[in-house]
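Trainee: Next comes the sequence, and after it the predicted model I'd like to discuss.
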Amino acid sequence: MTPNNLSPKLYLAFREGIIILAVALFIAVVFNSIRSKSIPLFGFSSAALIKEQQAKIPSITLSEAYDLYLKNKVIFIDARDPFSFEEGHIARAINIYPDEASFHAASLKIKADKGLIL
């Protein structure tokens, strides 16, 4: 629609309505993506994707981890910063900051294949 087809006041109202609608849509999409129980848009749900990925992560109980630790069948990886690690950590734990994990990938893979990594 152009100003030629409508009166100036009607064109201005139409344009403001479109702007308000666009801003409202943008705000709705942003808040929907932030919510923990968001409405899936376009068949995609980040919450469902996260749940699917978390289901693939193996887990053990604290007592199982402690038993493995006592039998020296496990190596704990402490992902805290080196300063916090030095202040106190589990004996025999390895300090690998998340940013440095790629540097240790080969040695961790060997240990993980043996079932030693937690």
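Mentor: Perfect, I can see it now.

Trainee: use CA for all of it now, contacts and neighbours both
Mentor: Noted.

Trainee: confidence score at residue 118?
Mentor: What the model reports for residue 118 is a pLDDT of 54.

Trainee: Same question for residue 86.
Mentor: With respect to pLDDT, residue 86 has a value of 92.

Trainee: Report the mean per-residue pLDDT for stretch 7-25.
Mentor: Per-residue confidence for stretch 7-25 averages out to 92 on the pLDDT scale.

Trainee: typo on my end, stretch 68-79
Mentor: Within the predicted structure, the mean pLDDT of stretch 68-79 is 86.

Trainee: what's the following helix or strand after the lengthiest helix in the chain?
Mentor: Criterion DSSP state H: the longest helix present in the chain is helix 8-34. Using DSSP states H and E, the helix or strand that follows helix 8-34 towards the C-terminus is helix 46-55.

Trainee: Quick one: work out the angle between that following helix and helix 8-34.
Mentor: Orientation note: helix 46-55 sits at an angle of 10 degrees relative to helix 8-34 (axes from the mean of the first three to the mean of the last three CA atoms, to 10 degrees).

Trainee: Buried residues in helix 46-55, which are they?
Mentor: For helix 46-55, the buried set under the neighbour-count rule, 16 or more other CA atoms under 10 Å, comprises residue 47.

Trainee: Equivalent analysis for stretch 80-100, please.
Mentor: Of the residues in stretch 80-100, those buried under the neighbour-count criterion (16+ other CA under 10 Å) are 85, 95, 96.
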